[in-house]
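Enquirer: Quick one, what's the 3D model for this:
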Amino acid sequence: MTRDEFNAFCGGLTATTHVVQWGNADVWKVGGKVFGVCGWNDGKDAFTFKASEIAFEVLQDQPGIRPAPYLASRGFKWLQVYGQPGLSDDELRDHLVASYHMAAANLSRKKRAELGIPDKND
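Expert: Take a look at the predicted model:
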């Protein structure tokens, strides 16, 4: 996945916002909560997302994937795809959607309704 493809995909999710921060990283948020980042790998594209407990345990030692610098060192379950083989584009999209839903789940029901984000169970 390229940075442009990453940005287009994240921008296509409901009620997302984009900022450039942290050393020219593309940071995607839902309701002010970060769910995806592109950047942070010595000027090369690297894709960072929040992971479930199981995904974090299974993927963190796979070639091209590591616990996300800074975030994982503070106890957060975030992964970074930084090299090959990493994840396929489809797998990365699936993890970005899961990360989006985890971030949205931290919003109040009222805030999700205001943003037009359906409950995951709907």
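
Enquirer: could you give the mean pLDDT of whichever strand or helix holds residue 49?
Expert: Element membership for residue 49 (DSSP states H and E) is strand 47-50. Mean pLDDT, computed over strand 47-50, is 97.

Enquirer: Quick one: name whatever helix or strand follows it.
Expert: With DSSP H and E, the next secondary element past strand 47-50 is helix 53-59.

Enquirer: Make sure I have this right: residue 19 is in a strand.
Expert: Yes: Residue 19 forms part of a strand when assessed by DSSP: H, G, I helix; E, B strand; the rest coil.

Enquirer: what about the nearest residue to it once chain neighbours are set aside, distance to residue 103?
Expert: Residue nearest to residue 19 in three dimensions, not counting chain neighbours: residue 27, with 5.1 Å by C-beta to C-beta, 6 or more residues apart in numbering. C-beta here means a position set from N, CA and C on the backbone, and glycine is covered the same way. Distance of residue 27 to residue 103, given as C-beta to C-beta, to the nearest Å: 12 Å.
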